[in-house]
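Asks: Provided below are the primary sequence and the corresponding predicted coordinates.
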Amino acid sequence: AAECYELFTEIEQDTRFTLFLLISYYNAGILSKALNICRILRSKYGFLFKHTEIEIGILEETNNLTKAKNLAVEYLKKFPENLSVKLRLARLNYLLGDFVEVNDFLDEDFDVSTLSLDNGLTISSLFASMHRIKESFDLMYELRRKYFDEAEAHAFYQANFFTNDKEGQDWLSSKIVGPDVAVVIEGADEKRNLFVIEDRIDHDYQKHEINLDHSLAQNLLGKKVGDEVYLKKSAFNEEIGKIVELKSKYVHALHETSSIYETMFPDRNDFWAINIKKPESLEENDIDIEKIRKIVESRSNQINKILQIYQTNQITIGMVGDLLGMSGFETWIRLIGDSTIDVICSTGNLNILNKAVSKLSAENPPKLAADITSLYLAYELNISDDIVAHFGKLLIAPTTLISLHRILEEKKRNKLSGYMSLSEDKGTLYRSVVT
């Protein structure tokens with residue numbers, strides 16, 4: 001598309017074709033030309049909304065984080081209510097380690113009724129990154145409630161529920177009835193009734209929500225499983241029910257999403273609920289794992305097919321990662337850790353390679369900047385000290401530090417809560433448990 005727009009677009013004019021060309025350059029990864037258009041138009045017209053967003057994005061992608069932040073700050077002086085750019089600034093502050101400024105942004109009041117789903121999910125992720133877990137859950141709960149018909153709202157809720165650090169979050173467990181608790185009451189006819197106790201004025205009976213001022217909520221407060229309560233009480237009719245289950249509304253939302261996700265969004269394949277029933281032929285503590293085996297086997301076959309295509313030099317490591325749902329670094333670790341897989345690489349242009357070797361071999365060698373894969377490779381080969389001794393202290397990009405921080409946070413969460421992984425090889429299912 002960019003080649004077509006180039007034929008008739010004056011890049012010094014603010015027209016829709018200039019914007020189309022800019023977006024085409026950006027999407028195609030031709031960042032230098034895209035950045036040039038942004039700077040030309042900004043010098044002539046000042047800040048333009050979409051153009052400025054793209055310019056900030058390019059600066060971020062090319063690790064010019066401070067320049068990107070300064071540009072966002074200047075833009076917000078003119079348009080202080082632009083939430084999209086405020087979110088970009090908050091992300092840049094996070095990448096730069098300016099956590100006080102991130103928290104200042106998160107301390108603002110966000111009106112969920114006006115939030116787009118994308119912006120809301122980004123804010124929820126920022127809350128989680130700053131270890132403000134309750135606020136992250138509150139926001140993603142409200143987004144799921146507002147955008148109930150959107151698959152992404154449910155997918156995000158499930159994924160973040162499982163990945164966020166829930167250690168010590170007492171509000172996720174409920175022993176007595178109170179606000180933010182889902183109550184299941186069994187009536188006289190053994191019919192189960194669900195009520196979600198909410199401290200809000202916009203409660204919705206269709207969502208089984210009742211406000212704290214509701215008479216039933218008043219009768220339920222402080223009660224626990226096994227207690228009885230009037231479901232109906234009038235001059236002509238009385239019904240007493242028994243509380244059979246209590247759980248946090250956040251856990252209830254997770255269970256509800258898990259039960260309806262595949263039916264509501266049949267075209268999505270990012271989540272499957274497995275109903276495991278114990279056949280009578282099995283011992284008391286055994287379960288039928290055939291369904292799990294089939295899923296793991298299917299996933300194993302899919303991975304093997306993708307790796308076979310990679311071995312024929314048809315796709316890149318990045319594309320392998322996209323197909324496997326892994327980051328580039330995780331994919332690279334996966335490949336070098338498998339002795340049956342050859343990691344395909346290129347030596348590049350010989351002249352450029354010789355120039356690089358000449359610079360590295362010079363008496364006064366240049367400073368080196370290491371990305372996360374280089375750091376890992378230096379560690380595995382045990383050459384870190386030799387590199388530092390020859391080239392001096394390595395330069396580390398802020399984005400690399402953030403990547404390392406995220407890996408450490410994930411390891412910390414896994415260490416706290418534990419996890420189990422399943423793999424399949426030649427029909428045999430292997431289980432690995434980390435506690």
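Replies: Here it is on my side, so go on.

Asks: Could you use CA atoms for every contact and neighbour count after this?
Replies: OK.

Asks: following the helix or strand where residue 389 lies, which helix or strand comes up?
Replies: Secondary structure assignment for residue 389, by DSSP states H and E: helix 384-391. As assigned by DSSP H and E, the chain's next helix or strand after helix 384-391 is strand 395-396.

Asks: got a list of contacts for the next helix or strand after that following strand?
Replies: Counting by DSSP H and E, the element after strand 395-396 in chain order, helix or strand, is helix 398-417. With contacts defined as C-alpha atoms under 8 Å, 6 or more residues apart in numbering, helix 398-417 is touched by 63, 95-96, 163-165, 167, 371-372, 434-435.

Asks: that older thread, any chance you could list what contacts the helix holding residue 389?
Replies: For helix 384-391, the external contacting residues (C-alpha under 8 Å, 6+ apart) are 365-368, 378, 394.

Asks: Looking at those residues, which is nearest residue 110?
Replies: Distance to residue 110, by C-alpha to C-alpha, is smallest for residue 394 among these, at 40.9 Å.

Asks: Report pLDDT for that closest one.
Replies: Here, the pLDDT recorded for residue 394 equals 88.

Asks: Okay, now the sheet partners of the strand ranked longest in the chain, with direction.
Replies: The single longest strand within the chain, with elements called by DSSP state E, is strand 238-248. Strand 238-248 has its sheet partners listed here by DSSP bridges as strand 181-186 (antiparallel), strand 228-233 (antiparallel).

Asks: what mean pLDDT does whichever helix or strand comes after that strand have?
Replies: Using DSSP H and E, the helix or strand that follows strand 238-248 in sequence is helix 249-264. Across helix 249-264, the average pLDDT comes to 93.

Asks: ok so, going back, now, which of the contacts of helix 384-391 lie within strands?
Replies: Using DSSP E, no member of the contacts of helix 384-391 falls in strands.

Asks: Any of these buried? List them.
Replies: residue 378 (16 or more other C-alpha atoms under 10 Å).

Asks: quick one: which of the contacts of helix 384-391 is nearest residue 225?
Replies: Distance to residue 225, by C-alpha to C-alpha, is smallest for residue 378 among the contacts of helix 384-391, at 57.0 Å.

Asks: show me the contacts for the closest one.
Replies: Applying C-alpha under 8 Å, 6+ apart, we find residue 378 in contact with residue 384.

Asks: And the contacts of helix 398-417, which two are furthest apart?
Replies: Greatest spatial distance in those: 63 and 435, 37.4 Å, computed using C-alpha to C-alpha.

Asks: Neighbour count: the two, which is higher?
Replies: Neighbour count, other C-alpha atoms under 10 Å: between residue 63 and residue 435, residue 63 has more, with 16 against 9.

Asks: Stretch 105-115 spans what distance, first to last residue?
Replies: One end of stretch 105-115 to the other measures 15 Å (C-alpha to C-alpha, to the nearest Å).

Asks: which residues are contacting that stretch?
Replies: The contact list for stretch 105-115, computed with C-alpha under 8 Å, 6+ apart, reads 90, 120, 123, 126-127, 139, 142-143, 146.
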